[in-house]
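I would like to see how this sequence folds:
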Amino acid sequence: MSDSTTTTPTPDPAPVSVIGLGMMGTALAAAFLAAGHPTTVWNRSAAKTGPLTAQGAQPAATAAEAVAASPLVVVCLSTYDTVEAVLHPLAEQLTGKTVVNLTNGTPAQAREFATWARKQGAEYLDGGIMAVPQMIAGPYAYVLYSGSQSAFDAHRETLARLGDTKWVGTDPGRAALQDIALLTGMYGMFAGVLQAFALVRSEGVSAEEFSSLLVPWIGAMTADAAAMGRAIDNGEHLTDVSSLAVNQAAFPNLLTTHRDQGVNADLLAPFQTLLDRAVAEGHGADGFSRLVELLKS
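Okay, the predicted model is just below:
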């Protein structure tokens, strides 16, 4: 008599369609293909489907054909206007589909499009990709998702092929909001880095050499972001580290040095204005977290 073991068969990877094959859309489709998902692809310029077809993708002749091919439709186009131009004519075909829109846009655009998609009988997820194309499916890539909780739960395993999945809420605009906020931090960092490079280059210092000092310094400073976030949430801005009054007094040295070195300081000047206002309003003993209150329009 022999023993037998019953195993549950692993379900086949779910089919997915990808609309938009720029650098990011191509990376998304390639990740689905690499994970074994039957993947249909469409792009306005059909030539872009060639490399993915060679990897096993099914090219669609039209966007309508791509939508019809899969229950999950991932969209990654240049703008929301382009998304609307492609999908609005297909309104009736979206019924019963899940649309995951990974196009960069604003919270208002995401909410408006979500409302439209629901009227067509589609489930809608808006997403913010926090990665460059080369990072997709790697250990550091992640995507923010918001909108239909049921759609996210149903397709999370498939979406995880792109990177870590971070659910941020049922408000369709929440992913776009946090995406833009993260990009705001990135652009602010790059602005400071470029300003610093311009300053040292004014005397011939190698930017690459200087980066060996700049990178760990920025890392050390950003490590305080969590504590700053707590202060903002709690409204407790008093500090014994570096007060706004101290920074207000020191900041003119940055502007003067840039001027003396022949380097434009337009990126920095507004920060002096903000410091001056904070101290004038009686917040000189507070830390940088106080400035968030002054940024409200």
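
domain map for the protein?
For the chain, automatic domain parsing gives the domain ranges 16-178, 224-294.

so which of those domains is nearest Ala207?
Comparing the domains of the chain against Ala207 with Cβ to Cβ, the closest turns out to be domain 224-294 (13.1 Å). C-beta here means a position set from N, CA and C on the backbone, and glycine is covered the same way.

check which helix or strand covers Leu144.
Using DSSP states H and E, Leu144 maps to strand 142-147.

again with Ala198
Counting by DSSP H and E, Ala198 is part of helix 174-201.

what are the buried residues along that helix?
Neighbour-count burial for helix 174-201 flags 174-179, 192, 195-200 (criterion: 16 or more other Cβ atoms under 10 Å).

tilt between that helix and strand 142-147?
Orientation check (axes from the mean of the first three to the mean of the last three Cα atoms, to 10 degrees): helix 174-201 against strand 142-147 gives 150 degrees.

could you look up the SS state of Asp126?
strand (DSSP: H, G, I helix; E, B strand; the rest coil).

does it really touch Ala114, like I thought?
Yes - counting by Cβ atoms under 8 Å, Asp126 does reach Ala114; the two are 6.5 Å apart.

okay, and the residue nearest to Arg156 when sequence neighbours are not counted sits in which element?
Among residues not flanking Arg156 along the chain, Thr165 sits closest, at 5.6 Å (Cβ to Cβ, 6 or more residues apart in numbering). Secondary structure from DSSP H and E places Thr165 in strand 164-169.

circling back: helices or strands up against the helix holding Ala198?
Counting contacts by 3 or more Cβ pairs under 8 Å, 6 or more residues apart in numbering; DSSP states H and E, helix 174-201 packs against helix 107-119, strand 123-130, strand 142-147, strand 164-169, helix 207-222, helix 244-260.

reformat those as TSV; add mean pLDDT.
Formatted as TSV, the helices and strands packed on helix 174-201 follow (pLDDT from 0 to 100):
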stretch	mean pLDDT
helix 107-119	98
strand 123-130	98
strand 142-147	98
strand 164-169	98
helix 207-222	96
helix 244-260	97
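
turn those into JSON lines, columns for distance to Pro59.
Output for the helices and strands packed on helix 174-201, formatted as JSON lines (distance: least, Cβ to Cβ, whole Å):
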{"stretch": "helix 107-119", "distance to Pro59": "25"}
{"stretch": "strand 123-130", "distance to Pro59": "23"}
{"stretch": "strand 142-147", "distance to Pro59": "25"}
{"stretch": "strand 164-169", "distance to Pro59": "27"}
{"stretch": "helix 207-222", "distance to Pro59": "43"}
{"stretch": "helix 244-260", "distance to Pro59": "53"}
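
out of these, the one nearest Gly36 is which?
Across those, closest to Gly36 is strand 164-169 (Cβ to Cβ), at 18.1 Å.

the closest one pairs with which strands, and in what direction?
Applying DSSP bridges to the sheet, strand 164-169 is found paired with strand 142-147 (parallel).

check contacts around the residue nearest to Thr95 when sequence neighbours are not counted.
Leaving aside its sequence neighbours, Thr95 sits nearest to Gly121 (Cβ to Cβ, 6+ apart; 3.6 Å). Contacts for Gly121 (Cβ atoms under 8 Å, 6 or more residues apart in numbering) come out as 94-96.

most neighbours, which of those residues?
Most neighbours among the contacts of Gly121, by other Cβ atoms under 10 Å: Leu94, with 21 neighbours.

what's the distance between it and Gly235?
Per Cβ to Cβ, to the nearest Å, Leu94 is found 45 Å from Gly235.

kindly report the same for Ser243.
17 Å.

using PDB, list the CA coordinates for stretch 245-263.
C-alpha atoms of stretch 245-263 as PDB (Å, rounded to 0.1, in the frame of the first residue of the first chain):
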ATOM      1  CA  ALA A 245      16.400  82.200  14.600                       C
ATOM      2  CA  VAL A 246      19.900  80.700  14.400                       C
ATOM      3  CA  ASN A 247      19.300  79.700  10.800                       C
ATOM      4  CA  GLN A 248      17.900  83.000   9.900                       C
ATOM      5  CA  ALA A 249      21.000  84.700  11.100                       C
ATOM      6  CA  ALA A 250      23.300  82.300   9.300                       C
ATOM      7  CA  PHE A 251      21.500  81.900   6.000                       C
ATOM      8  CA  PRO A 252      22.600  85.300   4.500                       C
ATOM      9  CA  ASN A 253      26.100  83.800   4.400                       C
ATOM     10  CA  LEU A 254      24.900  81.300   1.800                       C
ATOM     11  CA  LEU A 255      23.400  83.900  -0.400                       C
ATOM     12  CA  THR A 256      26.400  86.200   0.000                       C
ATOM     13  CA  THR A 257      28.900  83.500  -0.900                       C
ATOM     14  CA  HIS A 258      27.000  82.500  -4.000                       C
ATOM     15  CA  ARG A 259      26.800  86.100  -5.100                       C
ATOM     16  CA  ASP A 260      30.600  86.600  -4.400                       C
ATOM     17  CA  GLN A 261      31.400  83.400  -6.400                       C
ATOM     18  CA  GLY A 262      29.200  84.500  -9.300                       C
ATOM     19  CA  VAL A 263      26.700  81.700  -8.800                       C
END
